[in-house]
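>>> need a structure here:
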Amino acid sequence: MKLTVIGGCGSRSLMLAKCLAQQAEGLGITEVVFMDTDKERVRVFGSMVKEVFARTAPFVHYVCTADEKEAVQKADFIITTIRAGKEESRIIDERVALKHGVIGQETTGVGGFAMALRSIPTLLHYCELIRRYADPNVMVFNFTNPAGLVTQALRDQGYSFVYGICDAPSGFLRQVAGLYKAEVSDFQVHLIGLNHLSYFTSVKKDNREMLPEILKDPRLYEQTDMRYFEPKLAQHIGCMLNEYLYYFYYREKALQNIQKTDETRGERIKRINDCMLQELGRYDARKDFDKMLKIYSDYTYMRESNYMQGETSVARDDACIPRFDLNTKDEGGYAGVALALMRAKITGEEGEMILCMPNQGTVDWLKDTDVIEVSCRISKAGAFPKSGPYALPQSAKQLISAVKYYERTAAQAIVERNAEKAIDALMVNPLVNSYSLAEELLREYLEIYEEYTGGWKV
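As a prediction, this is how the structure comes out:
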């Protein structure tokens, strides 16, 4: 069985490789292809990934290539994790937004729209290659940001083999489970919303509803990523909140915090990743792999330790910061999310997971074709959203509906190269909320990213 990773030599490559290698035998994975177009990353991370498989799953035939057709040829499963324009474009996205006084975060704000301008055309190209050359029953797991908007665009164009994945909900659930010395599998949850804009409406353990109790537990706001929210907000809404809701519920504070820092998140990530790549590049993975692992672990810890700190002024608890260790049991991440569905499909093992996929009547206040983030039941037959009820206050439904209109319309605008639809989308996004700003932001991003957009203009 062949699994391909498009954009495989990014900064998370070793985390992904560890997860794949540890679970390859149980899933019958015999061939893994990491495809990337960045020569230096292929040289450094591609060689390190080779050593991961050599040590952990030597029976797997591993290939690192820049040949996109070779990568997808007869692939059974594909993970897409690309960053079109690299970190340099992320920084441009953020700085353009800040110049206009709005948040440019890469998934929730106008930075997400700018990234979608690059991501959607690129992934439409890959999806057509996949349709032509991969196994007819291929499953594609999209981790490319903004994951919800991108998955919406791909599904709209008929690529029904695409599922959006994100490791934020599962990572947060691990934190919550840790408070009660439990495993994530001990809980049955209901989550509804959009990618990076979702709500846990029910958390049960042994068929007992625990959510009201959890929301009153002070540790939730000290030892998990609910630290970004005041307890009275979460208790008023009656849900555990995705951490990215901070940008919507504390918009002016997030903007002020970002404006006060010397670096945007993109600039900080680029500085850390550049230093890591430069230091790793001095060594040969065949001879110095253990030394390289230590360097990789230190830099990834550094990157994760200041996650959302610049935007919230709240530091993460050390227990919430993952530290990479090749020899420990893998806890999942986005590869784990993808592999859970793969396992169900291959072995018939039933379970539950959170995915981005079409609403399909799950809630009646969104369209059936709207891609939502939702708790799903998984089996050999595939993934299906869990039935409700999903108890949300009207304010949360209105926020989800507004952002879904933005996503739905932005996906159409980018595919159709339609400036009017793009402005409609941006001006109702709660983080823009202005026709004049929407028009100016669109004009500037289209000028900057003409090589991706094909030259459409306002």
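
>>> Check Leu179 and give its pLDDT.
In this model, Leu179 is scored at 96, pLDDT.

>>> so it sits right up against Leu220, yeah?
Yes: contact criterion Cβ atoms under 8 Å: Leu179 and Leu220 qualify, at 6.9 Å. For glycine as for every other residue, the C-beta is placed from the backbone atoms N, C-alpha and C.

>>> So for those two, which residues contact both of them?
Residues touching both Leu179 and Leu220 (Cβ atoms under 8 Å, 6 or more residues apart in numbering): Ile214.

>>> Compare those two (neighbour count), which wins?
Regarding Leu179 and Leu220, a neighbour count based on other Cβ atoms under 10 Å identifies Leu220 as having more, with 21 against 14.

>>> Distance check, that one against Pro385.
Separation of Leu220 from Pro385 (Cβ to Cβ, to the nearest Å) stands at 26 Å.

>>> For Gly454, which non-adjacent residue is closest in space?
Arg417 (6.3 Å; Cβ to Cβ, 6 or more residues apart in numbering).

>>> Okay, the one you found and Leu117: tell me how far apart.
Distance from Arg417 to Leu117, by Cβ to Cβ: 10 Å.

>>> Where does pLDDT dip in the protein?
Counting by pLDDT under 70, the chain shows low-confidence ranges at 319, 331-332.

>>> Can you show me the strands along it?
Counting by DSSP state E, the chain has strands at residues 2-6, 31-35, 61-65, 77-80, 139-142, 162-164, 187-194, 197-205, 208-209, 240-241, 351-358, 371-379, 382-385.

>>> Now do the contacts for Ala24.
Ala24 neighbours (Cβ under 8 Å, 6+ apart): Thr30, Val32, Ala57, Phe59, Val60.

>>> go on, Leu245?
Leu245 neighbours (Cβ under 8 Å, 6+ apart): Leu197, Phe229.

>>> The closest residue in space to Ile378 that isn't next to it in sequence: what's it in contact with?
Nearest in space to Ile378, with sequence neighbours left out and distances taken as Cβ to Cβ, 6+ apart, is Ala344 at 4.0 Å. Counting by Cβ under 8 Å, 6+ apart, Ala344 makes contact with Glu350, Gly351, Ile378, Ser379, Lys380, Ala383.

>>> Quick check, the third one in contact with Leu339.
When you say that, I think you mean Ile378. No: contact criterion Cβ under 8 Å: Ile378 and Leu339 do not qualify, at 11.3 Å.

>>> quick one: which of the two has more around it?
Leu339 (26 against 20).

>>> any idea how far Phe141 is from that one?
According to Cβ to Cβ, Leu339 stands 9 Å off from Phe141.

>>> Any idea how many residues pack against the residue nearest to Gly454?
Considering only other Cβ under 10 Å, Arg417 is surrounded by 15 other residues.

>>> next one: Ala438
Ala438, neighbours per other Cβ under 10 Å, totals 23.

>>> same thing with Ile448?
Neighbours around Ile448, by other Cβ under 10 Å: 18.

>>> That one and Ser47: what is the separation?
Ile448 sits 34 Å away from Ser47, going by Cβ to Cβ.

>>> most centrally placed residue in this protein?
Cys166 (4.0 Å; Cα atoms, centre = their mean).

>>> contacting residues around it?
So Cys166 contacts Phe143, Ala147, Asn195, His196, Tyr334, Val337, Ile354, Cys356, Glu373 (Cβ under 8 Å, 6+ apart).

>>> would JSON lines of those residues with distance to Lys99 be doable?
As requested, the contacts of Cys166 are exported to JSON lines (distance: Cβ to Cβ, whole Å):
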{"residue": "Phe143", "distance to Lys99": "29"}
{"residue": "Ala147", "distance to Lys99": "26"}
{"residue": "Asn195", "distance to Lys99": "26"}
{"residue": "His196", "distance to Lys99": "23"}
{"residue": "Tyr334", "distance to Lys99": "32"}
{"residue": "Val337", "distance to Lys99": "35"}
{"residue": "Ile354", "distance to Lys99": "35"}
{"residue": "Cys356", "distance to Lys99": "31"}
{"residue": "Glu373", "distance to Lys99": "31"}
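
>>> who touches stretch 312-330?
Contacts of stretch 312-330 (Cβ under 8 Å, 6+ apart): 14-15, 18-19, 22-23, 52, 55-56, 175, 178, 222-225, 227-228, 246, 250, 253-254, 257, 293, 296-297, 300-301, 304-309, 331, 336.

>>> And the helices in the stretch 201-350 of the chain, which stretches?
211-215, 220-223, 231-237, 246-249, 251-260, 265-280, 285-305, 309-312, 333-347 (DSSP state H, counting those that start in this stretch).

>>> Same list (those helices) but as TSV, adding distance to Phe113.
As requested, the helices of the stretch 201-350 of the chain are exported to TSV (distance: least, Cβ to Cβ, whole Å):
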stretch	distance to Phe113
helix 211-215	33
helix 220-223	31
helix 231-237	26
helix 246-249	14
helix 251-260	16
helix 265-280	15
helix 285-305	24
helix 309-312	18
helix 333-347	22
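
>>> out of those helices, nearest to Glu444?
helix 265-280 (16.6 Å; Cβ to Cβ).

>>> one step back: of the strands of the chain, give the one that comes closest to Val42.
strand 61-65 (5.8 Å).

>>> Buried ones in that closest one, by neighbour count?
Tyr62, Val63, Cys64, Thr65 (16 or more other Cβ atoms under 10 Å).

>>> That one pairs with which strands, and in what direction?
Applying DSSP bridges, strand 61-65 is found paired with strand 31-35 (parallel).

>>> quick one: the strand it pairs with to strand 2-6, angle?
Counting by axes from the mean of the first three to the mean of the last three Cα atoms, to 10 degrees, strand 31-35 lies at 10 degrees to strand 2-6.

>>> can you list residues touching both of Arg417 and Leu117?
Thr453.

>>> wait, what's in contact with Ala411?
Ala116, Ile120, Leu149, Gln152, Ala153, Asp156.

>>> With neighbour count and distance to Asp284 as extra columns, can I get the residues you listed in CSV?
What follows is these, written out as CSV (neighbours: other Cβ atoms under 10 Å; distance: Cβ to Cβ, whole Å):
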residue, neighbour count, distance to Asp284
Ala116, 28, 39
Ile120, 26, 38
Leu149, 30, 40
Gln152, 29, 43
Ala153, 27, 41
Asp156, 14, 46
